[in-house]
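*Asks:* everything below, folded, please.
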Amino acid sequence: MQLEILTPERKVYSGDVYGILLPGTEGTFEILDRHAPIIAALGKGKMKVLKDKNSSESYDISGGFVEMIGNKASVLIEDAKVID
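*Replies:* Residues are numbered from 1 along each chain as shown. Okay, the predicted model is just below:
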């Protein structure tokens with residue numbers, strides 16, 4: 001699936017991924033390739049980008065929204081810091 005992670009100031013990530021693990025306002029959830037359309041609010045926490053089944057990147061986020069339509073996920077957040 002195609003993923004774009006955007007803040008008001010910059011594009012954090014853009015590319016094809018296997019899935020994303022997100023901190024929702026009601027708990028953590030995962031969106032994988034070919035997921036049904038969804039719009040959800042995000043809370044403060046750790047967002048994990050699953051580039052493929054063996055590699056990932058993690059970010060500390062402060063909240064925002066995610067939209068999944070047509071196998072494209074758009075994550076709109078206030079800020080993102082890479083976690084080592």
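
*Asks:* look up how far A80 lies from E9.
*Replies:* E9 sits at a distance of 10 Å from A80 (criterion: Cβ to Cβ, to the nearest Å). Where you see a C-beta, it was placed from the backbone N, CA and C, and this is true even at glycine.

*Asks:* so what sits against both of the two?
*Replies:* Shared contacts of E9 and A80 (Cβ atoms under 8 Å, 6 or more residues apart in numbering): none.

*Asks:* just for the chain, where's the confidence low?
*Replies:* Counting by pLDDT under 70, the chain has low-confidence residues at 84.

*Asks:* show me the strands in it, by range?
*Replies:* For the chain, the strands defined by DSSP state E cover 2-6, 11-16, 19-24, 27-32, 38-50, 56-69, 72-77, 80-83.

*Asks:* export only the CA atoms of the fourth one, formatted as PDB.
*Replies:* What follows is the C-alpha trace of strand 27-32 in PDB, where atoms were taken according to Å, rounded to 0.1, in the frame of the first residue of the first chain:
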ATOM      1  CA  GLY A  27      -6.000   1.900  21.700                       C
ATOM      2  CA  THR A  28      -3.400   0.700  19.200                       C
ATOM      3  CA  PHE A  29      -4.500  -0.700  15.800                       C
ATOM      4  CA  GLU A  30      -2.900  -1.800  12.600                       C
ATOM      5  CA  ILE A  31      -3.700  -1.100   9.000                       C
ATOM      6  CA  LEU A  32      -2.300  -3.600   6.400                       C
END
